[in-house]
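Undergrad: Model the structure of this input:
(chains A and B)
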Number of protein chains: 2
Amino acid sequence: MKPRLEHFSIVLNKPRFPENIGSAARAARNMGISHLILVDPENPDKERMRHLATRMGADIIKSIKIYDELTEAVADFGHVVGTTARTGGVRSSVKSPRSIAPYLAGLSENNRIALVFGPEDRGLTNHEIRLCHTLVRIPTSSFSSLNLSHAVMIVCYELFTTGMPKGLPQIPKLADSKEMECMYDRLKKILIEIDYIKDDNPDYRMMKIRRSFARAHLTSRDAATILGICRQIEWRINNLSKT
Amino acid sequence: MKPRLEHFSIVLNKPRFPENIGSAARAARNMGISHLILVDPENPDKERMRHLATRMGADIIKSIKIYDELTEAVADFGHVVGTTARTGGVRSSVKSPRSIAPYLAGLSENNRIALVFGPEDRGLTNHEIRLCHTLVRIPTSSFSSLNLSHAVMIVCYELFTTGMPKGLPQIPKLADSKEMECMYDRLKKILIEIDYIKDDNPDYRMMKIRRSFARAHLTSRDAATILGICRQIEWRINNLSKT
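TA: As a prediction, this is how the structure comes out:
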């Protein structure tokens, strides 16, 4: 299921630097999320925000809403997601952004959802965490410390990509045996012709070449290209030997 | 399969701003990737890099390698991944970071892998793309423009999280019917006692309450908590009626 991204809002609780706000706005906008709420920002300098929001996030900065308290900021939301770097205590049931994204996508059909991020230096307090219905922690390597806009980026990216098809399969449709054998025959002929392999036992040397090509996962077009090159070498050699 | 993150290097090709380099270093380090290579950076001011790398990425900045040409920078790598915002032409077989991550994880077992990012304003040229073995495009909403360090963040995050367990299931182990019925019985008794529901047809009103609780997906502990509260109300009422 795809999320209704217009039902999500980013809530930055007590952010310290306007640059991070701008950068978060740009990140969210790239992932289709356009509502940004600030709670008690240390420095609400819109010019500095705009500089990092770039043209991409300019609209978001223009329509920012600012509140004094987190309780007011999330009052109108049906579901409130808190982000945390720590676990344990009131943070005991913490999920990864990927595992919770399908659930949030379902809720977003009929509900407005707030994605709450704490200040750069210390994150959300236990009191603020209590206002959240679910908690999310971005997996990181040990002793980690994510930039605020990077955290916003990951959470928005997981929402944006949830329900998307997995993309092209890793292994494309390969050339079939007939195409491969046709290519190998021509290749062997050429390699004998140029004395790269000897006429008496060509298949031993060819085996190594076959193994390389098998590993390369050639498509029909790849096999046809190599066949074409072999033909052209043949033509050139015949041409030269006539003169 | 989990990737060998120590076999990955971030290659920033002609980056313009040292702040983006620092920010990319911090992002990579948070995801367990510690090698950073710069090709012809516009301004290799390590102090400005360090400022955004924070303590987290300081080691990476210290051990940065700088090359003049992308060809030299990727010379020692078994596999080169290019990132692009555009598709089509030489960029025809482009994959998403999520779909390619398991493949790169497998390759990383025995190979060093370069993750190449173009300059902030224009990305990798067609000539540079030709040096790449695979191409990756981060899915974004239309008319998007990702910050360089955000792009690095997403690609590293996908590598870091590939092969991880999906996390806790969304629906926890729920209270069973016996526990729920025990709780409902006690609740009904209390609600009659306090005249919230009438003795003559209690089950009609209880049905609405049962539906709310069913939707709430209560665990055994939740049911026990509510049961405990009911008992305590009962005790308090009995206690007061005695005096």
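Undergrad: Run through the residues that contact the residue lying closest to A:Pro18 once chain neighbours are set aside.
TA: Take A:Pro18 and drop its neighbours on the chain: the residue closest to it by Cβ to Cβ, 6 or more residues apart in numbering or on different chains is A:Arg48, 3.8 Å away. In short, each C-beta sits where N, CA and C put it, glycine included. Residues near A:Arg48 by Cβ atoms under 8 Å, 6 or more residues apart in numbering or on different chains: A:Pro18, A:Glu19, A:Gly22.
Undergrad: so which of the residues you listed is the most crowded?
TA: A:Gly22 (26 neighbours; other Cβ atoms under 10 Å in any protein chain shown).
Undergrad: how far out from the middle of the chain is stretch A:28-44?
TA: Remark: stretch A:28-44 is offset 21 Å from the chain centroid, using Cα atoms, centre = their mean, to the nearest Å.
Undergrad: I'd assumed A:Ser9 was in contact with A:Ser108.
TA: No. Between A:Ser108 and A:Ser9 there is no contact under Cβ atoms under 8 Å: 11.0 Å.
Undergrad: what residues are up against the residue most central in space within chain A?
TA: For chain A, the residue nearest the mean C-alpha position is A:Tyr157 (6.8 Å; Cα atoms, centre = their mean). Residues near A:Tyr157 by Cβ under 8 Å, 6+ apart: A:Met31, B:Ile138, B:Ile154, B:Tyr157.
Undergrad: now swap in A:Leu5 and tell me
TA: Contacts of A:Leu5 (Cβ under 8 Å, 6+ apart): A:Met31, A:Gly32, A:Ile33, A:Ser108, A:Leu159, A:Phe160, B:Ser141.
Undergrad: ok, 7 Å please
TA: Residues near A:Leu5 by Cβ atoms under 7 Å, 6 or more residues apart in numbering or on different chains: A:Gly32, A:Ile33, A:Leu159, A:Phe160.
Undergrad: These also near chain B: which ones?
TA: A:Gly32, A:Phe160 (Cβ under 7 Å from any Cβ of the partner chain).
Undergrad: Residues contacting the least confident helix or strand in chain A by mean pLDDT, please?
TA: In chain A, no helix or strand scores lower on mean pLDDT, DSSP states H and E than helix A:202-215, which sits at a mean of 87. Applying Cβ under 7 Å, 6+ apart, the external contacts of helix A:202-215 come out as A:Tyr184, A:Lys188, A:Ile192, A:Ile197.
Undergrad: among these, which ones are buried?
TA: A:Tyr184, A:Lys188, A:Ile197 (16 or more other Cβ atoms under 10 Å in any protein chain shown).
Undergrad: Closest one to chain B out of those residues, please.
TA: Nearest to chain B among the buried ones among the contacts of helix A:202-215: A:Tyr184, at 24.2 Å, using Cβ to the nearest Cβ.
Undergrad: now the lengthiest helix in chain A: how far from the chain's centre is it?
TA: Longest helix of chain A, by residue count under DSSP state H: helix A:220-242. Distance, stretch centre to chain centre, for helix A:220-242: 42 Å (Cα atoms, centre = their mean).
Undergrad: Between helix A:202-215 and it, find me the angle.
TA: Angle between the axes of helix A:220-242 and helix A:202-215 is 140 degrees (criterion: axes from the mean of the first three to the mean of the last three Cα atoms, to 10 degrees).
Undergrad: So which bits of helix A:220-242 are buried?
TA: By 16+ other Cβ under 10 Å, the buried positions in helix A:220-242 come out as A:Asp222, A:Ala223, A:Ile226, A:Leu227, A:Cys230, A:Ile233.
Undergrad: what's the answer for stretch A:140-150, then?
TA: Per 16+ other Cβ under 10 Å, stretch A:140-150 contains these buried residues: A:Thr140, A:Ser141, A:Ser145, A:Leu146, A:Asn147, A:Leu148, A:Ser149, A:His150.
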